[in-house]
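Asker: Let's see this in three dimensions:
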Amino acid sequence: MMAKASVKLTCTKCGAEFTAQKTCYNRTEADNWENYMSRVGGTCTDCWKVEKEAEKLAAREKQTAENASGAAQCPVTFPALEGSEKQIAWATDLRNGIITAMVNSKAQWDKIEELSANPEFKKEWDKLNITSAKWWIDNRFTKIFKFIIGEKY
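Answerer: All right, here's what the predicted structure looks like:
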């Protein structure tokens, strides 16, 4: 038999009153949950959503900073991207992520000229010079740049 626990709480962030509910296996478990929630309080749905969005944004900004830092270590300069301001920002982050992965994989930068003689490698390498921000966004889920993951040419 199931028991429904329900407790009125005041949001610890904004002070709004809300009702928290949970379905429990029995009345004892429901009573225990109600007592626990009464003691510790909670966060209303609106404040919880704002908190989670802030966490996502912080994680995205951290990843963007790490990508930019890694790309700055690359000894090769790549062309500027073209598109809207938002497209360029997003595509730059995507490309910087790939460049960072190359830097972290200890790519042999001094052998790029030599490797470029291989048509398969050259095809992958030339993708780094694509200037369309739209292309980078559209291809963000495509497995490109085999040499990043250690495949040999």
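Asker: quick one, helices of the protein?
Answerer: Using DSSP state H, the helices found in the chain span residues 27-40, 45-72, 85-104, 112-115, 119-127, 133-138.
Asker: can you list contacts of the last one?
Answerer: With contacts defined as CB atoms under 8 Å, 6 or more residues apart in numbering, helix 133-138 is touched by Leu81, Glu82, Gly83, Ser84, Gln87, Ile88, Trp90, Ala91, Thr92, Leu94, Arg95, Ile130. C-betas here are computed from N, CA, C, even on glycine.
Asker: what about the nearest residue to the fourth one once chain neighbours are set aside, neighbour count?
Answerer: This points to Ser84. Excluding its sequence neighbours, the residue lying closest to Ser84 (CB to CB, 6 or more residues apart in numbering) is Ala133, at 7.5 Å. Ala133 has 23 neighbouring residues, counting by other CB atoms under 10 Å.
Asker: cool, and Leu81?
Answerer: Using other CB under 10 Å, Leu81 has 20 other residues around it.
Asker: Model confidence score at the closest residue to it other than its chain neighbours, please.
Answerer: The spatially closest residue to Leu81, leaving aside those adjacent along the chain, is Ala133, at 4.5 Å (CB to CB, 6+ apart). As predicted, Ala133 sits at a pLDDT of 94.
Asker: From the contacts of helix 133-138, pick the one nearest Ala71.
Answerer: Nearest to Ala71 among the contacts of helix 133-138: Arg95, at 7.6 Å, using CB to CB.
Asker: residues in contact with the closest one?
Answerer: Applying CB under 8 Å, 6+ apart to Arg95 gives the contacts Ala71, Phe78, Leu81, Leu128, Trp136.
Asker: 7 Å - rerun?
Answerer: By CB atoms under 7 Å, 6 or more residues apart in numbering, the contact set of Arg95 is Trp136.
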